[in-house]
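1. sequence and predicted structure, then a few things I'm wondering about:
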Amino acid sequence: MSSVLKSQNHHKLFGLWQKLYRSLSQCKKGFITVEMALIAPIIIMMILSSADIVSYLTAHQKISRAAYTISNLITQMDEGLTESKISDMMLSIGEVSKPFNMLSDGKATVTAIIGIGTDGAAPDSYQVAWQRCYGTGTVTRVKNFGAAGSLVATADIPADMIATTAQILIVTEVIYNYTPVLGFLALDRQIEYLSYFRPRLGSIAVITDDAVSTSSC
């Protein structure tokens, strides 16, 4: 008799578990809450990461524009290039780079490279005619052409931009130490752009001293 009762109790208990399972499996309440709890961290990470991506892409656009702008301005000058004009044009780097602070977090170097040799012949070598800088940031350079008088390897000049004897090539290096907005992504912390321009109106091989402080490097 006791075994029969035990069997009946087991059947009843099993039946209760079946009913409970069916009721839970058919219940839709709480699903959205659970799904949001699982998905919310991913959505938040995506939103936070997008802030860094937008800032990073904007910084690239600004720094590349700064390199282009200063080279373009200088190469539109004629042979009356003075220290005051160079200083004024250098200020455009800071303006174009805003809201990123190129003055304290970066450095721009404008180098005039000239072909050395016999007129009418291919240059024997390339040399830095002059160099001016903007910004006080500590940067690691990919290219460093050196101070005035330094020799420049032909390999450091793009083949389609090589200057002939007595011609000038303006090379602008702009480097910015980028700080992410939130730091959720492993982004390059140094952004660098180079631009190469030839003068349109004159050789601008010399900068005339007009008692204005030199934008030294």
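-> Structure's in. What do you need?
2. could you use CA atoms for every contact and neighbour count after this?
-> Will do.
3. bridging residues for residue 152?
-> When bridges are called by DSSP bridges, residue 152 pairs up with residue 126.
4. where exactly do the helices run in the protein?
-> Here the chain has its helices, by DSSP state H, at 2-26, 31-75, 83-97, 102-105.
5. least confident of the ones you listed, on average?
-> Ranked by mean pLDDT, the helices of the chain end with helix 2-26 at the bottom, a mean of 54.
6. what about residue 135, distance to residue 92?
-> Look at residue 135 and residue 92: by Cα to Cα, to the nearest Å, they are 12 Å apart.
7. these two: which is more packed in?
-> More crowded of residue 135 and residue 92, by other Cα atoms under 10 Å: residue 135, with 23 against 14.
8. quick one on the thing from earlier: intersection of neighbour lists for residue 135 and residue 92?
-> Listed as contacting both residue 135 and residue 92 by Cα atoms under 8 Å, 6 or more residues apart in numbering is no residue at all.
9. mind checking how far stretch 197-213 is from the chain centre?
-> Relative to its parent chain, stretch 197-213 has a centroid offset of 28 Å by Cα atoms, centre = their mean, to the nearest Å.
10. likewise stretch 60-73?
-> 12 Å.
11. buried residues in it, which are they?
-> 60, 62-72 (16 or more other Cα atoms under 10 Å).
12. with distance to residue 149 added, can I get the residues you listed in TSV?
-> Output for the buried residues of stretch 60-73, formatted as TSV (distance: Cα to Cα, whole Å):
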residue	distance to residue 149
60	32
62	31
63	28
64	27
65	28
66	26
67	23
68	25
69	25
70	22
71	20
72	23
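13. what is the nearest of those residues to residue 140?
-> Set against residue 140, the nearest of these by Cα to Cα is residue 63 (15.6 Å).
14. that closest one and residue 119: what is the separation?
-> Distance from residue 63 to residue 119, by Cα to Cα: 37 Å.
15. quick one: contacts for the nearest residue to residue 141 once chain neighbours are set aside?
-> Excluding its sequence neighbours, the residue lying closest to residue 141 (Cα to Cα, 6 or more residues apart in numbering) is residue 175, at 7.7 Å. Taking Cα under 8 Å, 6+ apart as the criterion, residue 175 is in contact with 63, 106-108, 139, 141, 190-193.
16. please redo it, this time with the cut-off set to 6 Å
-> The neighbourhood of residue 175, defined by Cα atoms under 6 Å, 6 or more residues apart in numbering, consists of 106-107, 191-192.
17. in strands, which of those residues fall?
-> Members of the contacts of residue 175 lying in strands (criterion: DSSP state E): 106-107, 191-192.
18. now for the residues you listed: which two are most distant?
-> Between any two of the ones in strands among the contacts of residue 175, the greatest separation by Cα to Cα is 10.7 Å, found for 107 and 191.
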